[in-house]
Every structure is written in structure tokens, then in C-alpha cells.
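In: need a structure here:
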Amino acid sequence: MKFAIIAAGEGSRLVQEGVSAPKPLVKVGGEHLIDRLIRVFVDCGASEICVICNEQMTAVAEHLQEIQAAGRVPLKYLVKSTPSSMHSAWELSRWLKDEPFVLTTVDTIFLEKEFRTYVKTFELLAEFGDLDGLMGVTDYIDDEKPLYVSINDARTITGFLDTCDDPQNISGGIYGLTPKAIPVLQRCIERGESRMRNFQRALVNEGLLLKAYSFSKVLDIDHASDIQKAEEFLKM
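Out: Okay, the predicted model is just below:
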């Protein structure tokens, strides 16, 4: 299975709040965010890890170059500025067309034990063709603009919603997908769409079978205060 990381955001809110390091090199638990994901993905048996960072992040590109040169990680990376996270995913998709993959943003924080179980579950389901995607969800809501997920009794995702009267699950930003998702992503780009939540909606609208996998908690590092929250969470 392949893994992909979107590390192309500017992290402007962190900079405004006094965090000088580019987001991928912010440390949580004594480990750079990008290094943590790469290590976890390697532990999960990654056949390849694909990363995109923007052209302004020279320190990140140099860091990735060092990892690649060391030869211990099956790493491919692309340095390119994009207008949105969906466009970053599209740039990565050139490497994701031949086997199932898990995609996250660089600041996605989860418990490693839960993630390993999630990956094993996705691998088994994808191998037998039982689904087109296994999306990480959580009932922990600590997001400025959460994407709510409607799920039926069979754990099939029926919709992605901006508002919800009875919120129970939100997207955790952990996308386990088969290559069937790539043409859907291409059509989103061709329509001029730019938000990952619209890509997720398109997956449902075009009939792909997405199942929900529950994580106890998933955090994003958007503000300086989130770093401390993540530190405390990972001590669990």
C-alpha cells in the first residue's frame, strides 16, 4: 500500500502566532510532523511514500532530499506550489494510480495503534474489493469548520455536510482510497473545484462505496495552542 502526504500549506496562522518553523518541521513529541508520518507509514509497510511541499519551503525540500538520499525510506517527493489542497492531491495522484493508498495532510495527529489497525482493515477490504475507500472519522469535534459525515447502519458514508443538526462524526482527514478515486479527482479539477471536502462529496455522488472507520480522536495543527493539545493527546 502507498501513502501520500500533503505538506504544501503555508501554515500562516502558526507563523502569526510565533511558530517560526514551517508546519512540516514543527515538532510534536520531539519529532517533526513530517518525520512522524513517514515513520508511522514505514511501520505500516509502505511500498512507497509520496509527498508534496511548496516552493517556499526550502528547508522542507532539503529535509526530504536528505531522507530520500539516505535510502532507508521508499520516498518520492514533489516541490510545487498549488492553489489548494485538492490541487496538491491531484499532483500526487500521478504516483497513486496502481494500488490502494492512504492520504493525509502533514499535520494530522492520531494514535499510532489505531492507525495501524485502520491500515490493516483497509488493506483487507481493498484486497477483496469490498469497498472503494475507507475514510477516517471521529466524534471528537475541535475544528473551526468541521466536515460532518453521515453514515448508515452498515457504516457506509452517505454524505459529507458543512452543517449538521445532530453531529456525530466528522472527517478526520485520513483518506484510504483505491485508484478508482483518481478519475473522480480529475473531474473535480476540471470543474474548477478546489476543496478536499468537495472531492469527498464527489466520491459519494459518483457512486463509489466509502466506509467509515472510527478513530477516538484526530487533531490538526492549525494554531500554536494545538501543539500542546497534540503533545498531551499522544501521551495517552
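
In: Name the residues of the worst-scoring helix or strand of the chain on mean pLDDT that come out as buried.
Out: The helix or strand of the chain with the lowest confidence, counting by mean pLDDT, DSSP states H and E, is helix 12-16 at a mean of 75. By 16 or more other CB atoms under 10 Å, the buried positions in helix 12-16 come out as 13, 14. (Each C-beta comes from the backbone N, C-alpha and C, glycine too.)

In: With stretch 197-211 instead?
Out: Under the neighbour-count criterion of 16+ other CB under 10 Å, stretch 197-211 has 197, 198, 199, 200, 201, 202, 203, 204, 208, 209, 210, 211 buried.

In: What segments of the chain are strands?
Out: Taking DSSP state E, the strands of the chain run over residues 2-7, 27-28, 31-32, 48-53, 75-79, 101-105, 108-109, 133-138, 148-151, 157-161, 170-177, 210-215, 219-220.

In: Of these, which is nearest residue 61?
Out: The closest of those to residue 61 is strand 75-79. By CB to CB, the value is 4.8 Å.

In: Show me how far the closest one is from its chain's centre.
Out: Relative to the chain's own centre, strand 75-79 is displaced by 16 Å; criterion: CA atoms, centre = their mean, to the nearest Å.

In: before we move on, the earlier item: for the least confident helix or strand of the chain, packing partners?
Out: Here helix 12-16 touches no other helix or strand, going by 3 or more CB pairs under 8 Å, 6 or more residues apart in numbering; DSSP states H and E.

In: Please list the outside residues in contact with it.
Out: With CB atoms under 8 Å, 6 or more residues apart in numbering as the test, helix 12-16 has contacts from 23, 26, 221, 222, 223, 224.

In: now the strands of the chain in a markdown table, with distance to residue 66 and mean pLDDT?
Out: As requested, the strands of the chain are exported to a markdown table (distance: least, CB to CB, whole Å; pLDDT from 0 to 100):
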| stretch | distance to residue 66 | mean pLDDT |
| --- | --- | --- |
| strand 2-7 | 15 | 97 |
| strand 27-28 | 17 | 94 |
| strand 31-32 | 12 | 96 |
| strand 48-53 | 13 | 98 |
| strand 75-79 | 10 | 97 |
| strand 101-105 | 22 | 98 |
| strand 108-109 | 23 | 96 |
| strand 133-138 | 29 | 98 |
| strand 148-151 | 38 | 96 |
| strand 157-161 | 37 | 96 |
| strand 170-177 | 27 | 97 |
| strand 210-215 | 31 | 98 |
| strand 219-220 | 26 | 94 |
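
In: Please produce TSV containing these, extended by distance to residue 16.
Out: What follows is the strands of the chain, written out as TSV (distance: least, CB to CB, whole Å):
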stretch	distance to residue 16
strand 2-7	19
strand 27-28	19
strand 31-32	21
strand 48-53	20
strand 75-79	24
strand 101-105	19
strand 108-109	21
strand 133-138	27
strand 148-151	28
strand 157-161	29
strand 170-177	22
strand 210-215	29
strand 219-220	16
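
In: out of those strands, nearest to residue 231?
Out: The closest approach between residue 231 and any of the strands of the chain, judged by CB to CB, belongs to strand 27-28 at 6.1 Å.
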